[in-house]
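Student: Give me a 3D structure for the following:
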Amino acid sequence: MLFARRKGRPGAKAGRPTGTGFRALDSRLPAAEGGALLRKAFPDHWSFLLGEIALYSLVLLVLTGVFLTLFFNPGMSQVPYEGSYEPLRGVPVSEAYASTLRISFDVRGGLLIRQMHHWAALVFVSAIGLHMLRIFFTGAFRKPRELNWVIGLTLFLLAVVEGFCGYSLPDDLLSGTGMRVVQSLLLSIPVVGTYLMFFLFGGEYPGHDIVPRLYVTHILLVPGLLLALVVVHLILVVYLKHTQWGGPGRSNRNVVGKPAFPRFTASSAGLCAMVFGVLALLGGLAQINPVWDYGPYRADQVSTGSQPDWYVGFLEGSLRLMPPFETTLWGHTLVWNVLVPTVILPALLFLCLYLYPFLERWVTGDTGEHHLCDRPRNRPVRTGLGAAGITFYGVLLLAGGNDVVAYTLDISLNALTWVLRVALVAGPVAAFLLTRSVCLGLQAHDLERIERGDETGEVRQSVQGGLDEGRRPLSPRERWTLALKESPRPLRLPEASRARRLRVALSRWFHGG
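Tutor: From the prediction side, this is the model:
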């Protein structure tokens, strides 16, 4: 036929521009690699959601922080308050405090956004802390993730600094009391303490520079570091692949879970919406940091019953538990009851946390890669150390409110302080021993389940009159999960030096638990 034409494959012409466009994009960007990334598997266990909650809290912090930045004035000049809050009208306040009240009472939606910002900060620090605990107790900090442990711990430290800076910006009486503590700990540092205090406050306390400097730190320096480290952290998670719980079909060479797109993306977006929704409800219904009740900061006043946010409450507790102790050398006085609890103690705590992955590797001699999570019961010494650390922190946190506790329970403040001092020493030791015993008992129970199965709750009587409890065997999946356990042996090194003997002794203690 004259007008007959050969018909090609349907959509062939339409596919040519798409293919050409993809090749052009791939020549300039890693588009092909992005396709593989979309199919990357992510485990779906609930404990892995803690890091996502921290990430979405950070996103909300950035969004609400941008809004608050538009209305906040970090000035420290004294002005008479002329806003809507009647009890403070005409009272001399700083520009920072006046702008905080303006955001709370005169800006539409300002109080909601401000309270969402504060709640998001608490959830952010809490989620990072719980995420780090999950990593510690499951051994997810081991090779090849030591660097990610260091980055995560640095993120937690930066989040604490960021929260404290934001907490101090309103220049109210409560936050000013916290700044007085900062001034005291700086002055307790030998030789350089006075210079550091003058540098931070711009002269004699409280000066006129501290709030503007905290403002720049809060909205620029620390957020920049946080965002940069979060990006590096996520890149390493993708590159090193995600850890996962052991089970059938799971090994150090694969990851079993949801593909990044569409299943993980959809569930993660749902979690993001839930986090935003819960924080919006908290911001609208749960009052937090009512600075109008505290009043403006004055250097000659202290807020009664003042309590800092929980993440720095342990420093307050360490200050209250430390006995008064000073040393005078060559005309210079060292105030140990401030220096030890607020400078030396937190420095040692974070140093131990930074070094722990490398110390455990040195003690155990384990240099292999690990992508499967340990069950905490299978590492009784590590789990016991974690429980001891939590107990130590908990006692300090409780001591930070010892005056409120003593007043509420109508007990002696001095007696409570001494009880907490004893608990600070004995509590971690007791927690370690108890946790290790519980872990060993759970291991024995797991072994019994593998060998004999689970109890059915039925008791049978034999012909001879004996009683026997009924048991059912475990499923192959349950047996596999319980039996999947590494059994490392303690180090055996030639006893040529004290360092090697110490290492062998620590290895036997670690594995002998």
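Student: contacts, neighbours, all on C-alpha from now
Tutor: Fine.
Student: okay, now residue 373: neighbour count?
Tutor: When neighbours are defined as other CA atoms under 10 Å, residue 373 has 20 of them.
Student: just use 4 as the starting number from now, easier for me
Tutor: Will do, 4 is the new start, and the previous item becomes residue 376.
Student: now the helices for the stretch 4-153 of the chain?
Tutor: Using DSSP state H, counting those that start in this stretch, the helices of the stretch 4-153 of the chain run over 15-29, 34-41, 52-72, 98-108, 113-141, 149-171.
Student: Out of these, which is closest to residue 327?
Tutor: Closest to residue 327 of the helices of the stretch 4-153 of the chain, according to CA to CA: helix 149-171, at 26.2 Å.
Student: what angle separates the helix or strand just after that closest one from helix 98-108?
Tutor: As assigned by DSSP states H and E, the chain's next helix or strand after helix 149-171 is helix 176-190. Between helix 176-190 and helix 98-108, the angle formed by their directions is 140 degrees, by axes from the mean of the first three to the mean of the last three CA atoms, to 10 degrees.
Student: What residues of helix 176-190 count as buried?
Tutor: Using 16 or more other CA atoms under 10 Å as the test for burial, helix 176-190 gives 176-182, 184, 186-190.
Student: Show me what the next helix or strand after that helix is in contact with.
Tutor: Scanning forward in sequence from helix 176-190 by DSSP H and E, the next helix or strand is helix 196-204. By CA atoms under 8 Å, 6 or more residues apart in numbering, the residues outside helix 196-204 that reach it are 186, 189, 190, 206, 207, 208, 210, 211, 212, 213.
Student: residues near the closest residue to the fourth one other than its chain neighbours, how many?
Tutor: Nearest non-adjacent residue to residue 206, counting by CA to CA, 6 or more residues apart in numbering: residue 200, 7.8 Å away. When neighbours are defined as other CA under 10 Å, residue 200 has 21 of them.
Student: Quick check: the gap between residue 124 and residue 193.
Tutor: As judged by CA to CA, to the nearest Å, residue 124 and residue 193 stand 33 Å apart.
Student: any idea how far the helix or strand where residue 268 lies is from the chain center?
Tutor: Residue 268 belongs to helix 268-288 when assigned by DSSP H and E. Centroid separation for helix 268-288 versus its chain: 19 Å, with CA atoms, centre = their mean, to the nearest Å.
Student: part of a helix, is residue 461?
Tutor: No. Residue 461 is assigned strand when assessed by DSSP: H, G, I helix; E, B strand; the rest coil, not a helix.
Student: so it makes contact with residue 470?
Tutor: No. Look at residue 461 against residue 470 with CA atoms under 8 Å: they stay out of range, at 10.3 Å.
Student: Look up how far residue 247 lies from the nearest residue to residue 189 once chain neighbours are set aside.
Tutor: Nearest residue to residue 189 in three dimensions, chain neighbours excluded: residue 196, at 4.9 Å (CA to CA, 6+ apart). Remark: distance between residue 196 and residue 247 (CA to CA) = 47 Å.
Student: Let me see the confidence value for residue 499.
Tutor: With respect to pLDDT, residue 499 scores 64.
Student: how about the helices in the stretch 204-353 of the chain?
Tutor: All helices of the stretch 204-353 of the chain, identified by DSSP H, counting those that start in this stretch, fall at 213-219, 225-243, 268-288, 294-297, 313-324, 339-342, 348-367.
Student: Reformat the ones you listed as JSON lines; add mean pLDDT, distance to residue 117 and mean neighbour count.
Tutor: Shown next, in JSON lines, are the helices of the stretch 204-353 of the chain (pLDDT from 0 to 100; distance: least, CA to CA, whole Å; neighbours: other CA atoms under 10 Å):
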{"stretch": "helix 213-219", "mean pLDDT": "94", "distance to residue 117": "15", "mean neighbour count": "19"}
{"stretch": "helix 225-243", "mean pLDDT": "94", "distance to residue 117": "17", "mean neighbour count": "15"}
{"stretch": "helix 268-288", "mean pLDDT": "95", "distance to residue 117": "8", "mean neighbour count": "16"}
{"stretch": "helix 294-297", "mean pLDDT": "92", "distance to residue 117": "11", "mean neighbour count": "16"}
{"stretch": "helix 313-324", "mean pLDDT": "90", "distance to residue 117": "19", "mean neighbour count": "21"}
{"stretch": "helix 339-342", "mean pLDDT": "89", "distance to residue 117": "33", "mean neighbour count": "21"}
{"stretch": "helix 348-367", "mean pLDDT": "94", "distance to residue 117": "30", "mean neighbour count": "15"}
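Student: Any chance of the ones you listed in a markdown table with distance to residue 508 as columns?
Tutor: Output for these, formatted as a markdown table (distance: least, CA to CA, whole Å):
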| stretch | distance to residue 508 |
| --- | --- |
| helix 213-219 | 48 |
| helix 225-243 | 33 |
| helix 268-288 | 46 |
| helix 294-297 | 55 |
| helix 313-324 | 32 |
| helix 339-342 | 34 |
| helix 348-367 | 9 |
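Student: In the stretch 354-503 of the chain, where is pLDDT below threshold?
Tutor: By pLDDT under 70, the weakly predicted segments of the stretch 354-503 of the chain are 497-499.
Student: if you set the cut-off to 90 instead, what comes out?
Tutor: Along the stretch 354-503 of the chain, the parts satisfying pLDDT under 90 run over 367-371, 449-503.
Student: what's the answer for the stretch 54-203 of the chain, then?
Tutor: The stretch 54-203 of the chain contains residues with pLDDT under 90 at 177-185, 187-188, 190-197, 203.
Student: Mind listing residues that contact stretch 420-438?
Tutor: Here stretch 420-438 makes contact (CA under 8 Å, 6+ apart) with 323-324, 383-384, 386-392, 394-395, 398-399, 402, 405.
Student: ditto for stretch 252-270
Tutor: So stretch 252-270 is in contact with 40-47, 244-247, 372-375, going by CA under 8 Å, 6+ apart.
Student: redo that, cut-off 10 Å
Tutor: With CA atoms under 10 Å, 6 or more residues apart in numbering as the test, stretch 252-270 has contacts from 38-48, 244-251, 271-276, 372-376, 480, 483-484, 487.
Student: ranges for the strands of the stretch 354-503 of the chain?
Tutor: Taking DSSP state E, counting those that start in this stretch as the criterion, the stretch 354-503 of the chain carries its strands at 375-376, 457-464, 470-475.
Student: and of those strands, who's closest to residue 349?
Tutor: Proximity to residue 349 (CA to CA) singles out strand 375-376 among these, at 28.6 Å.
Student: Summarise which helices and strands the closest one is packed against.
Tutor: helix 113-141, strand 247-248 (3 or more CA pairs under 10 Å, 6 or more residues apart in numbering; DSSP states H and E).
Student: show me what contacts the residue nearest to residue 486 when sequence neighbours are not counted?
Tutor: Leaving aside its sequence neighbours, residue 486 sits nearest to residue 453 (CA to CA, 6+ apart; 7.6 Å). By CA under 10 Å, 6+ apart, residue 453 lies in contact with 447, 476, 477, 478, 481, 482, 483, 485, 486.
Student: how about a cut-off of 8 Å?
Tutor: Neighbouring residues of residue 453 by CA under 8 Å, 6+ apart: 476, 477, 482, 485, 486.
Student: ok, so of these, who is nearest residue 115?
Tutor: Closest approach between those and residue 115, by CA to CA: residue 485, at 48.4 Å.
Student: how many other residues sit next to the closest residue to the closest one other than its chain neighbours?
Tutor: Counting by CA to CA, 6+ apart, residue 485 lies nearest to residue 449, which is 6.5 Å off, once chain neighbours are set aside. Number of residues near residue 449 (other CA under 10 Å) recorded here: 18.
Student: cool, and residue 510?
Tutor: 21.
Student: For it, pull up the helix or strand it's in.
Tutor: Per DSSP H and E: residue 510 is located in helix 501-515.
Student: now for that helix, which elements pack on it?
Tutor: Packed against helix 501-515 by the contact rule (3 or more CA pairs under 8 Å, 6 or more residues apart in numbering; DSSP states H and E) you find helix 348-367, helix 383-402.
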